[in-house]
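Engineer: Okay, structure incoming, though there's no sequence with it:
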Ligand code: FRU
């Protein structure tokens, strides 16, 4: 694996020419995605600034131009009319001020009247590499480029650790106020969120207090990317807790969970109505963010990074890695969320392909289980061996996904086998296969499972148990992947 020096990771991008060769080289990779957002060069991680503005969906991602490494972070900008066809817009935000000299870290956006307002963490480091995170703001200008405010909205509090970042801005109509949730860590290293409030978007921000979530006082050592949304009259809080192991998540110490409950902005208390749940049961899913300005009180739109902070992926030798999951529609059903890919995904279908045990490198599969124990093995060799095995056990209503059979193994240290406990018997799985990822929507979206995967040329087959049936649809590509910096 390439060893990066600090200078290499934190090199400032001066001109587009500096990454053109890298762009040309990665275009030839067999793992470039066909309908998932991926980095133009280098690394993409968290989704940022997701909002609908002026009839267009805007999304940014954490971007390190130089390779598959976490270094100096930019915001790279993509846009879409339908959440499915995405075009590259170029660099959204450059780390070019004192306050963000070592990165424009994660944040959110909200559209109001005719403007898109952006909130992000300026990751400042001094000459001794001591970090000060600032909460900064920008406004999308007429030319589509964010214009930063000259000064941060506020700096860090000294009664919490230096881990204070990832502002998520929300408007709360009954208070007629804006709130910013900041992911934070207490001085005794417990994960939490801090809340700021203001009547204006770009001024007047005051610290309101620490978010209370009864029962979650000791739940991980840092909550990255906190996010909150209202769906069907309930509040849904999502967090990415770190530095802790959670049940059923093997050895991983990075997670993405949601809690359904009620947020009281007077007492800053989020009262859970049931226990936390995993947003996704897959190997690689993190830093999920709800889109702002969704005009449907019963539905939220969510996107997440297919990846985890400390993991390494098989495209690293090609000098790029990372993707976003498909944007998803989320609704509440009973005590949990149901998730479906954005509706316009249906427009990508390009005819049914004969399901004869061959797996195209990108496609959609509709799989049905007639009942009872079941298996589906994806990415097997022609003789049916190897691949990702998915085995469903009716007695425990558990689907077990095991990727140890793949030729390219990765992140073995955090576990290669995960279970999905289902509330009801397995009926169906809708599967989205792209060139280096797969996403399962199980039982009409009651549970999802998202992961990177790097099949070799020999791993393009599948096998299914006799009680299973499958339909395969060819899909049209929907990410333009052009060179735009
Ligand atoms: C989450 C995260 C955020 C931070 C960003 C930096 O993956 O660590 O907390 O803002 O990534 O890229």
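Structural biologist: Good, I have the coordinates. Not measured: the values here are computed from a predicted model.
Engineer: okay, CA-based contacts and neighbour counts for the rest of this
Structural biologist: Noted.
Engineer: in a helix, that's where residue 25 is, yeah?
Structural biologist: Yes. Remark: residue 25 belongs to a helix, assigned using DSSP: H, G, I helix; E, B strand; the rest coil.
Engineer: so what's it up against?
Structural biologist: Not one residue lies near residue 25 by C-alpha atoms under 8 Å, 6 or more residues apart in numbering.
Engineer: what do you get if the cut-off is 10 Å, keeping everything else the same?
Structural biologist: 19, 41, 318, 319 (C-alpha atoms under 10 Å, 6 or more residues apart in numbering).
Engineer: Skipping its backbone neighbours, what lies nearest the third one in space?
Structural biologist: The shortest distance from residue 318 to any non-neighbouring residue, by C-alpha to C-alpha, 6 or more residues apart in numbering, is to residue 26 (6.5 Å).
Engineer: and of the contacts of residue 25, the nearest to the ligand?
Structural biologist: Lowest distance from the ligand to these (C-alpha to the nearest ligand atom) belongs to residue 41, with 15.5 Å.
Engineer: close enough to count as contact, that closest one and residue 62?
Structural biologist: No. Applying C-alpha atoms under 10 Å, one finds residue 41 not in contact with residue 62, separated by 11.8 Å.
Engineer: can you pick the most crowded of the contacts of residue 25?
Structural biologist: Counting neighbours by other C-alpha atoms under 10 Å, residue 41 comes out on top of those with 27 neighbours.
Engineer: And residue 207, how far from the ligand?
Structural biologist: Distance of residue 207 to the ligand, given as C-alpha to the nearest ligand atom, to the nearest Å: 20 Å.
Engineer: which SSE is that residue in?
Structural biologist: strand 206-210 (DSSP states H and E).
Engineer: Could you give the average pLDDT over that strand?
Structural biologist: The average pLDDT within strand 206-210 is 98.
Engineer: cool, and stretch 219-237?
Structural biologist: pLDDT averaged over stretch 219-237 gives 98.
Engineer: That stretch: which residues count as buried?
Structural biologist: Judged by neighbour count using 16 or more other C-alpha atoms under 10 Å, the buried positions of stretch 219-237 are 219-231, 234-237.
Engineer: Run the contact check for it versus the ligand.
Structural biologist: Yes. Stretch 219-237 lies within reach of the ligand by C-alpha under 6 Å from any ligand atom, at 224, 225.
Engineer: and that stretch, how far apart are its ends?
Structural biologist: Start to finish, the residues bounding stretch 219-237 are 14 Å apart (C-alpha to C-alpha, to the nearest Å).
Engineer: That one: how far from the chain's middle?
Structural biologist: Centroid separation for stretch 219-237 versus its chain: 14 Å, with C-alpha atoms, centre = their mean, to the nearest Å.
Engineer: One more: stretch 77-93?
Structural biologist: Taking mean C-alpha positions (C-alpha atoms, centre = their mean), stretch 77-93 and its chain are 15 Å apart.
Engineer: same thing with stretch 99-113?
Structural biologist: 16 Å.
Engineer: what's the model's confidence in it, averaged?
Structural biologist: Stretch 99-113 shows a mean pLDDT of 98.
Engineer: Which positions in it come out as buried?
Structural biologist: Within stretch 99-113, the residues that count as buried by 16+ other C-alpha under 10 Å are 99-111.
Engineer: Any residue of it touching the ligand?
Structural biologist: Yes. Stretch 99-113 is in contact with the ligand by C-alpha under 6 Å from any ligand atom, via 105, 106.
Engineer: what about that stretch, how long is it end to end?
Structural biologist: Start-to-end span of stretch 99-113 (C-alpha to C-alpha) is 28 Å.
Engineer: now swap in stretch 396-412 and tell me
Structural biologist: Start-to-end span of stretch 396-412 (C-alpha to C-alpha) is 26 Å.
Engineer: for the record, mean pLDDT for that stretch?
Structural biologist: Across stretch 396-412, pLDDT averages out at 98.
Engineer: Could you give the bridge partners of residue 402?
Structural biologist: residue 389, residue 417 (DSSP bridges).
Engineer: Cool, thanks, signing off.
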